[in-house]
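> How does the following fold in three dimensions:
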Amino acid sequence: MPAVAAVEAFRLSLPLVHTFQTSSHRKSHLEHIVVRVTGADGASGWGEIASPSDPYYCPETVDTCWMMLRRYLAPALVGTEWEHPSEAGRAWARIRGHHFAKAGLDIACWDLWTRASGSPLAAALGGTRDRIAAGVSLGIEPTVDDLLAQVGRHVADGYRRIKLKIAPGWDVAPTRAVREAHPDLAVQVDANGVYPESLEALATMRELDELGLLLIEQPFAPGALAAHARLAATIGTPVCLDESVDDLDQLDTAIALGAGSILNVKVSRMGGLTAAREAHDRAVAAGWKVWCGGMHEFGVGRAANVAIASLPGFDLPSDVSGSDKYYAHDIVAPPIRATDGMVPVPSAPGLGHEVDESLIRSQATDTFHTSR
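Residues are numbered from 1 along each chain as shown. I've put the predicted structure just below:
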């Protein structure tokens, strides 16, 4: 590839079509950072930094990512040359952490390289599927009836799996209600690490264990791998890790401890497509199941998720649902859509979607440009 000539970034906020609540907070809109990497030949690729706005899911926020991108990551990338996008990360290898910020640049480099080579991103990553089974993630609702109404709408749209956010006081009862209303539906729950390891929490997990769930995701704090291993040894429902694994060393440790048997691979959390692909390979080699999670990405990040979810080990439904479930108007064309619960994998070069640059520029609340 010709040397990277410039990096441009845009802070962008989009309203959600339905307010979403997790165990930590409620949100009606999301702010992400969209990045554009341009080569010396004028070709460009797009990426997305889909970090949370607040430090509840992880330490990174939009503000920290913006600072890291502007001060360290973009300047480190500009002027570098590489033959393959998996090598682009050498530019920022000495910068520790900040995986969300790095992910946006990594995605953009993959998009740049695959557009230039005329290759679909999914194929370049090693994907083998032409469509992805999609699941939907549902937040904590005001009432169980509200939750059942949401589940019913998504099931009617053909989605094959529903993920329910849970928290103390909103766990067994709503999950049991969904299971009773939809006895054959694939259902999983996600606690985002909110439960302490205690006798009360263990009792809750055992009650959930009786509901025929696909998996229980991240019940304990990110660093509590030993607690997850103890839980995995006492219940039949598979334990899935998310926040506990944001780099490959943590994945190796989790595998060695038996802290779970399923990995939620998030491109954003892992630091980009390069690391996400390696996490897929290591987890599958260890006998773990994998699926692709999401951060309610805009179209750029969602397209990257679709591409990685086409890899052969992603046998469980992934959070790659149509963007219309979250945003009235997305930033890519054609928009990402699901039909009967399946999302097609683009065959066009790069991300397979064109970015609406005029919309991004008109809606951006802040921008910066770094060049040679």
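
> Test my guess that Thr234 contacts Ala203.
No. Using CB atoms under 8 Å, Thr234 is not in contact with Ala203, being 11.3 Å away. (Each C-beta comes from the backbone N, C-alpha and C, glycine too.)

> and Ser137, how far is that from His154?
The spacing between Ser137 and His154, counted by CB to CB, to the nearest Å, is 10 Å.

> Equivalent analysis for Val187, please.
Taking CB to CB as the measure, Val187 falls 12 Å from His154.

> Show me this structure divided up by domain.
Following automatic domain parsing, one gets these domains for the chain: 4-118+355-371, 123-344.

> so where does the closest residue to Gly293 other than its chain neighbours fall, helix or strand?
Spatial nearest neighbour of Gly293, excluding adjacent residues (CB to CB, 6 or more residues apart in numbering): Asn264 at 4.1 Å. Using DSSP states H and E, Asn264 sits within strand 262-265.

> pLDDT (mean, whole number) over that strand?
Over the span of strand 262-265, the pLDDT mean works out to 98.

> what do you get for stretch 125-145?
The predicted confidence, averaged over stretch 125-145, sits at 94.

> cool, and stretch 92-100?
Mean pLDDT, taken over the full extent of stretch 92-100, equals 96.

> Just the C-alpha atoms of the strand holding Asn264, please, in CSV.
Only the C-alpha atoms of strand 262-265 are listed here, as CSV (Å, rounded to 0.1, in the frame of the first residue of the first chain):
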residue,chain,number,x,y,z
ILE,A,262,-18.4,-19.1,24.6
LEU,A,263,-16.8,-15.8,23.5
ASN,A,264,-18.6,-12.7,22.4
VAL,A,265,-16.2,-11.3,19.8
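
> Remind me what the helix or strand immediately after it in the chain packs against, helices and strands.
Beyond strand 262-265 on the C-terminal side, the first helix or strand identified by DSSP H and E is helix 267-270. Helix 267-270 sits against helix 99-117, helix 273-285, helix 299-308, with contacts defined as 3 or more CB pairs under 8 Å, 6 or more residues apart in numbering; DSSP states H and E.

> run the last query once more with 10 Å
Helices and strands touching helix 267-270, as assessed by 3 or more CB pairs under 10 Å, 6 or more residues apart in numbering; DSSP states H and E, comprise strand 44-49, helix 99-117, helix 273-285, helix 299-308.

> And the most centrally placed residue in the chain, its phi and psi?
In the chain, the C-alpha nearest the mean C-alpha coordinate belongs to Gly294, at 2.5 Å (CA atoms, centre = their mean). The phi and psi values for Gly294, taken as degrees, to the nearest 10, are phi -150, psi 170.

> host element of the residue nearest to Phe220 when sequence neighbours are not counted?
In space, and not counting its chain neighbours, Phe220 is closest to Ala227: 4.5 Å by CB to CB, 6+ apart. Using DSSP H and E, the element containing Ala227 is helix 225-232.

> one step back: mutual contacts of Val187 and His154, please.
Here Val187 and His154 share the contacting residues 135, 161-162, scored by CB atoms under 10 Å, 6 or more residues apart in numbering.

> so can I have JSON lines of the helices and strands packed on helix 267-270 showing distance to Pro85 and mean neighbour count?
Supplementary listing: those in JSON lines, determined by distance: least, CB to CB, whole Å; neighbours: other CB atoms under 10 Å:
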{"stretch": "strand 44-49", "distance to Pro85": "9", "mean neighbour count": "28"}
{"stretch": "helix 99-117", "distance to Pro85": "4", "mean neighbour count": "27"}
{"stretch": "helix 273-285", "distance to Pro85": "7", "mean neighbour count": "21"}
{"stretch": "helix 299-308", "distance to Pro85": "12", "mean neighbour count": "29"}
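
> I'd like the ones you listed laid out as CSV, including distance to Asp246.
Converted to CSV, these look like this (distance: least, CB to CB, whole Å):
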stretch, distance to Asp246
strand 44-49, 14
helix 99-117, 5
helix 273-285, 9
helix 299-308, 16
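
> now the angle from the helix-or-strand element of the chain with minimal mean pLDDT to helix 99-117?
One helix or strand of the chain scores below all others by mean pLDDT, DSSP states H and E: strand 4-21, with a mean of 85. The directions of strand 4-21 and helix 99-117 differ by 120 degrees, with axes from the mean of the first three to the mean of the last three CA atoms, to 10 degrees as the criterion.
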